[in-house]
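Chemist: based on what follows, work out the 3D shape:
(chains A and B)
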Amino acid sequence: MKRVAVTGIGMVSPLGNIATEVLANATAGRSAICRIDEPWCKRLVSPLAACVNFSGDEHFAAPKLRMLDRVSQFAIVAARQAVGDARFDFENADRQRVGVFVGTGMGGSQTSDDGYHTLYAEQSDRIKPFTILMGMTNAPAAWIGIEYELTGPNLTYSTACSSSAVSIGEAWMRLRNGDLDVAIAGGAEAPLSLGALKAWEVLHTLAREDPFDASKSCKPFSKSRSGMVLGEGATIFVLEDWERAIRRRATIHGELIGYGVTTDTSHITRPSVAGQAAAMRAALQAAGCVPASIDTINAHGTGTQANDSVETAAIKEVFGERAYRIPISATKAIHGHLLGASGALEFALCLLAMQHDILLPTMHLELAAEDCDLDYVPNCARHNVKFDTIMSNSFAFGGTNAVLVARSARSAAVRCGQNN
Amino acid sequence: MTTRERLSKILVKNYKIDPTRLTLDGPLEELGIDSLGMAELLFFIEDEFKVQLPFDPVPLPTLGDAVSYIDGLLTAQHIPETPVIAGIAPPAAPHRPV
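Modeler: Numbers count the residues shown, from 1 in each chain, chains lettered A, B, ... in the order given. As a prediction, this is how the structure comes out:
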């Protein structure tokens, strides 16, 4: 089996569009969640979101920009960053052995929303001629493939909130098997339209606005948590055959060593302790790790009643007594829930934090719920904590549980499990 | 304002094209408007000139071709500022977009 290095990270996120800025904001616990100011916001109960500071015309010529939904714009810009970060030159690569793997839950939903508005609200047939191209779920991946003329597999995964953890994991499997040399993998989401926000709202999953500070409305694991806040953005990685990365002296952010995916079948939305625990165990097994190897977990931690209790129970089931000694971070408190792009953003935060010896805080956690009694690193980052193996959890409506395990580049030469 | 000026205004406003690049015989594809982009440009032409184009795509490889086609439509209808139905053939094109 091949080993897989993460050699490039690109991010367009509510916490910033440069990795160092994103890490600094996550470490400081600066929330990107705020009230959104759009004319249609008065139709929302809690007009909250975590928006990206991004202008497409800074990145694309106007004729091309007209063909790109916001989700594809995010994906392409994040991919450019990742390729630049990896200092990867496709001229020297067999492009058929480079794949693109992108997760997105809702694809070009804004384009669909605009089209419906034209068609039904305005009673006009003049929907944008590019509606299909912009709205189709595989557009972000396709545009990345076009950008770099990558002729290997170009695949899109849509498993709701675990989409990008799945895309990264599936890319890892192909690299591990030696089917590919390089993968551009991650996720993108741009769901901040009235249609998407209203649809999530009526599902009763969105947080109520904090009466004192809107930026604190998402409170994972808190007794007063009331739901999640939607965010937008993209995080893309360059994943690469380890030996190849070493040969070209690439900077390695970490080694992706495990991926587990399982499916809950009891209910379309209700998470299951058994399913989440099984995904964590599967990821550990794929990584060749024992539970004691995991130093920290980035929780799915949405801030919904159902998720946080179930995830806490699942972590206890897998890690036993040790669960109480594993620092757990739920960063959605400040970057919101990017749906299909969340897993990738959180995996990037894990790697960056590990590189800088930082345990990221779970913000807005003044009083934990009674059944949420683990160490969530509440409200304040911990510095100078060296750790070498991380787990990143992503769970989803539809039941797809996906878990990634990675270790630091510094420890990558040491077999996982032999450290402990 | 002439047809060329009105069309140029659309291209500058919606496609951010440098006006100095807008020559009559320059291929629109070189300005970033390929056959796919043309599908949207035709919408803008319909709106600006209040004409209705045929359902099938019209090949207009250059700005000059587009100007001639629009002028032909307007002339054929004799009512340039009101909606008209396109009923004339497009100009001969050096190649058909795919």
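
Chemist: got the contact list for the one residue in chain A that gets nearest to chain B?
Modeler: The nearest approach of chain A to chain B comes at A:P63, 3.2 Å away (CB to the nearest CB). Bear in mind the C-beta positions are built from the backbone N, C-alpha and C, glycine included. Applying CB atoms under 8 Å, 6 or more residues apart in numbering or on different chains, we find A:P63 in contact with B:Y15, B:I17, B:L31, B:G32, B:I33, B:G37.

Chemist: got phi/psi on A:F101?
Modeler: Backbone torsions of A:F101, given as degrees, to the nearest 10, read phi -130, psi 110.

Chemist: circling back: among the contacts of A:P63, which one lies nearest to A:V273?
Modeler: Closest to A:V273 out of the contacts of A:P63 is B:G37 (51.8 Å), distances taken as CB to CB.

Chemist: now name the helix or strand holding the residue nearest to the closest one when sequence neighbours are not counted.
Modeler: Of all residues not flanking B:G37 in the chain, A:P63 sits nearest, at 5.5 Å (CB to CB, 6 or more residues apart in numbering or on different chains). Using DSSP states H and E, A:P63 maps to helix A:62-65.

Chemist: next structured bit after that helix?
Modeler: Scanning onward from helix A:62-65 (DSSP H and E), the first element met is helix A:70-85.

Chemist: for that next one, list the C-alpha coordinates in CSV.
Modeler: Provided in CSV are the C-alpha atoms of helix A:70-85 (Å, rounded to 0.1, in the frame of the first residue of the first chain):
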residue,chain,number,x,y,z
ARG,A,70,-20.4,30.8,-6.5
VAL,A,71,-19.7,27.2,-5.4
SER,A,72,-17.5,26.7,-8.5
GLN,A,73,-15.7,30.0,-7.9
PHE,A,74,-14.8,28.9,-4.4
ALA,A,75,-13.7,25.5,-5.6
ILE,A,76,-11.4,26.8,-8.3
VAL,A,77,-9.8,29.5,-6.2
ALA,A,78,-9.2,27.0,-3.4
ALA,A,79,-7.7,24.5,-5.8
ARG,A,80,-5.4,27.2,-7.2
GLN,A,81,-4.2,27.9,-3.7
ALA,A,82,-3.7,24.3,-3.0
VAL,A,83,-1.7,23.7,-6.2
GLY,A,84,0.3,26.8,-5.5
ASP,A,85,0.9,25.7,-1.9
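
Chemist: which strands and helices sit next to that helix?
Modeler: strand A:4-12, helix A:109-116, helix A:139-148, strand A:182-189, strand A:233-241 (3 or more CB pairs under 8 Å, 6 or more residues apart in numbering or on different chains; DSSP states H and E).

Chemist: can you redo those as JSON lines with mean neighbour count, distance to chain B and mean pLDDT?
Modeler: Shown next, in JSON lines, are the helices and strands packed on helix A:70-85 (neighbours: other CB atoms under 10 Å in any protein chain shown; distance: least, CB to the nearest CB, whole Å; pLDDT from 0 to 100):
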{"stretch": "strand A:4-12", "mean neighbour count": "28", "distance to chain B": "22", "mean pLDDT": "98"}
{"stretch": "helix A:109-116", "mean neighbour count": "20", "distance to chain B": "13", "mean pLDDT": "96"}
{"stretch": "helix A:139-148", "mean neighbour count": "23", "distance to chain B": "13", "mean pLDDT": "98"}
{"stretch": "strand A:182-189", "mean neighbour count": "34", "distance to chain B": "22", "mean pLDDT": "98"}
{"stretch": "strand A:233-241", "mean neighbour count": "31", "distance to chain B": "23", "mean pLDDT": "98"}
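
Chemist: quick one: which of those is nearest A:G254?
Modeler: A:G254 sits nearest to strand A:4-12 of all the helices and strands packed on helix A:70-85, at 5.0 Å, using CB to CB.

Chemist: report all helices and strands that the next helix or strand after that closest one contacts.
Modeler: Sequence-wise, the next helix or strand downstream of strand A:4-12 (DSSP H and E) is helix A:19-28. Other helices and strands packing on helix A:19-28, by 3+ CB pairs under 8 Å, 6+ apart, are strand A:4-12, helix A:332-335, helix A:342-355.

Chemist: tell me the angle helix A:19-28 makes with strand A:233-241.
Modeler: Between helix A:19-28 and strand A:233-241, the angle comes out at 110 degrees (axes from the mean of the first three to the mean of the last three CA atoms, to 10 degrees).
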